[in-house]
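Student: kindly generate the corresponding structure for this input.
(one chain, ligands or ions: 1)
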Amino acid sequence: MLDSKTQEELKQKLLEEKKRIEENISKTETGKKGTDREYETSFPEIERDQEENADEMEMYESNLAVDESMKKELEKIDAALLRMEKGTYGKCSNCQQEIPVERLRAYPQADTCLGCQK
Ligand SMILES: [Zn+2]
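Tutor: Modelled structure (predicted):
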């Protein structure tokens, strides 16, 4: 079993990753609409990125694919956080073996062990 300290550490990682992905997704979606500038300016980090908006529009097509994979990643993170609440986090959803903590550290949203990933 994971000790609570390790789980807490992994939870923080998941939350950080979730935040990072959500920011990336909202940025892409804002570019899509081409509006909401006032909304953007309330966030200093995004304001800095406005100069890159022209480039972002060109990247719109490839962003769609990135968006999709980011959303899938987000679902995995949410699922992992839910498993933490339920107390089933860290177990392989396929073979029920515990996932090695090294793997969880590298990829906290993992829900299968390496053997079952393939
Ligand atoms: Zn497994």
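Student: contacts and neighbour counts: CA atoms only from here.
Tutor: Fine.
Student: number of nearby residues for Cys95?
Tutor: Applying other C-alpha atoms under 10 Å, we find 12 residues neighbouring Cys95.
Student: could you list the low-pLDDT ranges of the chain?
Tutor: 28-61 (pLDDT under 70).
Student: near the ion, which residues of it are found?
Tutor: For the chain, the contact set with the ion under C-alpha under 5 Å from the ion comprises Cys92, Cys95, Cys113, Cys116.
Student: only the buried subset of those, as a ChimeraX command please.
Tutor: Here is the ChimeraX selection string for the buried members of these, based on 16 or more other C-alpha atoms under 10 Å:
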select :92,113
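Student: would you turn the residues of the chain next to the ion into JSON lines with secondary structure?
Tutor: Converted to JSON lines, these look like this (DSSP: H, G, I helix; E, B strand; the rest coil):
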{"residue": "Cys92", "secondary structure": "coil"}
{"residue": "Cys95", "secondary structure": "coil"}
{"residue": "Cys113", "secondary structure": "coil"}
{"residue": "Cys116", "secondary structure": "helix"}
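Student: format the residues of the chain next to the ion as JSON lines; extra columns: distance to Leu64.
Tutor: Listed next are the residues of the chain next to the ion as JSON lines, based on distance: C-alpha to C-alpha, whole Å:
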{"residue": "Cys92", "distance to Leu64": "30"}
{"residue": "Cys95", "distance to Leu64": "34"}
{"residue": "Cys113", "distance to Leu64": "29"}
{"residue": "Cys116", "distance to Leu64": "29"}
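Student: look up the closest residue to Ala110, ignoring the ones flanking it.
Tutor: Leu104 (6.4 Å; C-alpha to C-alpha, 6 or more residues apart in numbering).
Student: counting neighbours, what do you get for the one you found?
Tutor: If you count neighbours by other C-alpha under 10 Å, Leu104 ends up with 19.
Student: run the chain-centre distance for whichever strand or helix holds it.
Tutor: Assigning secondary structure by DSSP states H and E places Leu104 in helix 101-106. In terms of C-alpha atoms, centre = their mean, to the nearest Å, the centre of helix 101-106 is set 16 Å apart from its chain centre.
Student: before we move on, the earlier item: so what's the residue nearest to Ala110 up against?
Tutor: Going by C-alpha atoms under 8 Å, 6 or more residues apart in numbering, Leu104 touches Leu10, Gly90, Ala110.
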